[in-house]
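K.L.:
what would the 3D arrangement of this be:
(chains A and B)
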Amino acid sequence: EVQLVESGGGLVQPGGSLRLSCAASGFTFSDHYMDWVRQAPGKGLEWVGRTRNKANSYTTEYAASVKGRFTISRDNSKNSLYLQMDSLKSEDTAIYYCARYISGHQGCDYWGQGTLVTVSS
Amino acid sequence: DIQLTQSPSFLSASVGDRVTITCRASQGISSYLVWYQQKPGKAPKLLIYGASTLQSGVPSRVSGSGSGTEFTLTISSLQPEDFATYYCQQLNSFPLTFGGGTKVEIK
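P.N.:
Below you'll find the predicted structure:
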């Protein structure tokens, strides 16, 4: 059974940093693209970024709103995905989801339960 | 960036109704569009990919159509479990973008 479990959310001050983790199981992690998607309280979905699979050298893409501040990485030996968030702003407050993306434009078929990040002084 | 405009943003319907949600792209995206359903407090669930291909396990009352700039999600006979918020997302080019969502509520 495919499972994605996020952790690492919490309260952080503006300008601070936080690292989210996503533990994956039930599939060959290194074979898959992985996305981060966030949702501000009461708002819609926003794509944050992607890491591609081993065949595509684990390259990354980012939304303009987070580029240069957020870094996506993965540890395939631990079946884990990470989102390093630096220089956090109040507008980064959201639930952050990791999701498995199926290459070939097929969307994200499995999602974690999400972890809440609150940026506030 | 490609903008996706969903309409309506809110829809009130009854069990058994046929409902249609539209997603318009600011430029052509071929068939690189997916639809998700999200219920309160839950993660999104993939319904449709490639604009019209039903994801495994999704009931056949759900269908998608369209290509280029105009897409639709149709539920042929609304069931109680279908009351939720629906989002389209384009996968044509980065940055990937979502529509603003359509909330389907019980009349």
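K.L.:
so which bits of chain B are right by chain A?
P.N.:
When proximity is defined as CB under 8 Å from any CB of the partner chain, chain B approaches chain A at B:1, B:31-32, B:34, B:36, B:38, B:43-46, B:49-50, B:55, B:87, B:89, B:91-92, B:94-101. C-beta here means a position set from N, CA and C on the backbone, and glycine is covered the same way.
K.L.:
make a ChimeraX selection of the buried ones in these.
P.N.:
To isolate the buried ones among the residues of chain B next to chain A in ChimeraX, judged by 16 or more other CB atoms under 10 Å in any protein chain shown, type:
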select /B:31,32,34,36,38,43,44,45,46,49,50,55,87,89,91,92,95,96,97,98,99,100,101
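K.L.:
now, the residues of chain B next to chain A that are in strands?
P.N.:
B:34, B:36, B:38, B:45-46, B:49, B:87, B:89, B:97-98 (DSSP state E).
K.L.:
tell me which element residue 72 falls in.
P.N.:
Going with chain A. strand A:70-75 (DSSP states H and E).
K.L.:
other chain: chain B
P.N.:
Short version: residue B:72 belongs to strand B:70-75, going by DSSP H and E.
K.L.:
what's the offset of that strand from the middle of its chain?
P.N.:
6 Å (CA atoms, centre = their mean, to the nearest Å).
K.L.:
OK, contacts around the residue nearest to the spatial centre of chain B?
P.N.:
Centroid-nearest residue in chain B, with CA atoms, centre = their mean: residue B:35, separated by 4.0 Å. Residues near residue B:35 by CB atoms under 8 Å, 6 or more residues apart in numbering or on different chains: B:23, B:46-48, B:64, B:73, B:86-89.
K.L.:
if we can go back for a sec, next helix or strand past the strand holding residue A:72?
P.N.:
Using DSSP H and E, the helix or strand that follows strand A:70-75 towards the C-terminus is strand A:80-85.
K.L.:
list the contacts of the helix or strand harbouring residue A:34.
P.N.:
Per DSSP H and E, residue A:34 falls inside strand A:33-39. The list of residues contacting strand A:33-39 from outside it, by CB under 8 Å, 6+ apart, reads A:20, A:22, A:24, A:45-53, A:56, A:72, A:74, A:81, A:83, A:92, A:94-103, A:108, A:111, A:114, A:117, B:44, B:96.
K.L.:
check stretch B:71-81 too.
P.N.:
So stretch B:71-81 is contacted by B:13-25, B:33, B:35, B:47-48, B:51, B:59, B:61-66, B:82, B:86, B:88, B:104, B:106 (CB under 8 Å, 6+ apart).
K.L.:
get me the contact residues on chain A for chain B.
P.N.:
Counting by CB under 8 Å from any CB, chain A sits next to chain B at A:35, A:37, A:44-47, A:50, A:61-64, A:97, A:99, A:102, A:105-109, A:111-114.
K.L.:
among the residues you listed, which ones are buried?
P.N.:
Those of the residues of chain A next to chain B that meet the buried threshold are A:35, A:37, A:45-47, A:50, A:61-63, A:97, A:99, A:102, A:105-109, A:111-112, A:114, by 16+ other CB under 10 Å.
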